[in-house]
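> Need coordinates for the below:
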Amino acid sequence: MASIKVVISGITGKMGLEAVAAVSRESNLELVGGTCKQDRGWPTLSTPHSTAVPLSTDLNAMLEQTKPDVLVDFTNSAVAMEAAAKAAVRSINIIMGASGFTEDQLKQLDAMANDNGVGIIVAPNFALGAIVLKKLAEQAAPYFDYVDIIESHHEAKIDSPSGFALALMRSLGENKHFTRNQPEKENLPNTRGGEHNGISVHSIRMPGKSAHHEVVFGAAGQTVSLRHDTLDRSCYMPGVLRCIRDVVGHPGLVIGLENVLGL
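Modelled structure (predicted):
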């Protein structure tokens, strides 16, 4: 079986560099190039196996030069949408790790996948433990009237709440409107957090945090808390590798790692 050729967009970022190491270790995957936002004066990027792959700020040129099977994008939603359009017209499959896609953007990606016959996977979180948290929360939701979602990330994260927190919120609020008390007097505005179908969502941003999500359910006389903590970015890599292998030969849009894994 021929190796799957991979280009990483956002290759010099923290997730991109982690993916470089992960992809380079796999015998049936071939890292053929990467792109970054700023020109770093490097024509190539070294990999853990002492080989080097081309590096560029021009995604169009990189895709033409390397002709990959899969583009893995670790940028932001705006950049990722542009990258997806460039890849799809070249019949390149796409994996998107950015967060915060709107419903309209997801519709655009669905059309892109169908019109070009490519696979597109949008994964707000690549960690298996986070997907387990989401499934457990969905199972618990019918038995409780109150729910809060609390997510914490590092201070440099550009969006709030996280894409995975939004996915949790939409999933739990899809078929149910939870109870959300409104204080008679709010001494400081917005202290109850954001709200969707009665679900309160709170975001914490500070140094020392990686990615942390907690769902707290409440009912008379009791609460249940479900929490997932990312301790190291290496936890994302099995999910990334599974998506790379799965997206090839499976046209259409898939949203969420759980739908790749069949959970």
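> Could you list the single helix or strand in this protein with the lowest mean pLDDT?
strand 44-46 (a mean of 83; mean pLDDT, DSSP states H and E).
> For that one, buried residues please.
Leu45 (16 or more other Cβ atoms under 10 Å). Placement of C-beta: from N, CA and C, glycine included.
> can you give me the offset of that strand from its chain's centre?
Remark: strand 44-46 is offset 25 Å from the chain centroid, using Cα atoms, centre = their mean, to the nearest Å.
> Helix, strand, or coil at Phe164?
helix (DSSP: H, G, I helix; E, B strand; the rest coil).
> measure it to Arg170 for me?
The gap separating Phe164 from Arg170 is 11 Å, by Cβ to Cβ, to the nearest Å.
> Between the two, which is the more surrounded one?
Of the pair Phe164 and Arg170, Phe164 is the one with more neighbours under other Cβ atoms under 10 Å, namely 26 against 13.
> The more buried one contacts Asn125, correct?
Yes: at 4.1 Å, Phe164 counts as touching Asn125 under the criterion of Cβ atoms under 8 Å.
> Overlap of the contact sets of these two?
Common neighbours of Phe164 and Asn125 are listed as Ala211 (criterion: Cβ atoms under 8 Å, 6 or more residues apart in numbering).
> any idea which helix or strand comes after the least confident helix or strand of the chain?
strand 52-56 (DSSP states H and E).
> what does the domain assignment say about the chain?
4-122+233-261, 128-230 (automatic domain parsing).
> from the ones you listed, which stretch is densest packed?
domain 4-122+233-261 (a mean of 18; mean count of other Cβ atoms under 10 Å).
> Quick one: residues in contact with stretch 184-191.
Arg192.
> Run the chain-centre distance for that stretch.
33 Å.
> Quote the end-to-end distance of it.
13 Å (Cα to Cα, to the nearest Å).
> Ok, stretch 48-62 next?
Length of stretch 48-62, first residue to last, Cα to Cα: 21 Å.
> Low-confidence regions, the stretch 1-150 of the chain specifically.
1, 50 (pLDDT under 70).
> which stretches of it form strands?
Taking DSSP state E, counting those that start in this stretch, the strands of the stretch 1-150 of the chain run over residues 4-9, 29-35, 44-46, 52-56, 70-73, 93-96, 119-122, 146-153.
> okay if I get these as TSV plus distance to Leu263?
Shown next, in TSV, are the strands of the stretch 1-150 of the chain (distance: least, Cβ to Cβ, whole Å):
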stretch	distance to Leu263
strand 4-9	23
strand 29-35	23
strand 44-46	34
strand 52-56	33
strand 70-73	21
strand 93-96	18
strand 119-122	14
strand 146-153	20
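> Among the ones you listed, which comes closest to Ala87?
Distance to Ala87, taken as Cβ to Cβ, is lowest for strand 70-73 among those, at 4.3 Å.
> quick one: stretch 22-29 to chain centroid distance?
With Cα atoms, centre = their mean, you get 21 Å for stretch 22-29.
> Alpha carbons only: can I get it in CSV?
In CSV, the C-alpha atoms belonging to stretch 22-29 read as follows (Å, rounded to 0.1, in the frame of the first residue of the first chain):
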residue,chain,number,x,y,z
ALA,A,22,3.8,11.9,15.0
VAL,A,23,3.5,11.6,11.2
SER,A,24,7.2,11.0,10.8
ARG,A,25,7.1,8.0,13.0
GLU,A,26,4.4,6.2,10.9
SER,A,27,5.7,3.9,8.1
ASN,A,28,2.6,4.4,5.9
LEU,A,29,2.5,8.2,6.2
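> Which residues does the least confident helix or strand of the chain contact?
Ile11, Thr12, Val20, Gly34, Ala52, Val53, Pro54, Leu55.
> quick one: strands adjacent to it?
strand 52-56 (antiparallel) (DSSP bridges).
> export the partner strand as PDB, just CAs?
Only the C-alpha atoms of strand 52-56 are listed here, as PDB (Å, rounded to 0.1, in the frame of the first residue of the first chain):
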ATOM      1  CA  ALA A  52      13.800  17.700   5.800                       C
ATOM      2  CA  VAL A  53      10.600  18.800   4.200                       C
ATOM      3  CA  PRO A  54       9.900  22.000   2.200                       C
ATOM      4  CA  LEU A  55       8.500  25.000   4.200                       C
ATOM      5  CA  SER A  56       6.700  27.900   2.600                       C
END
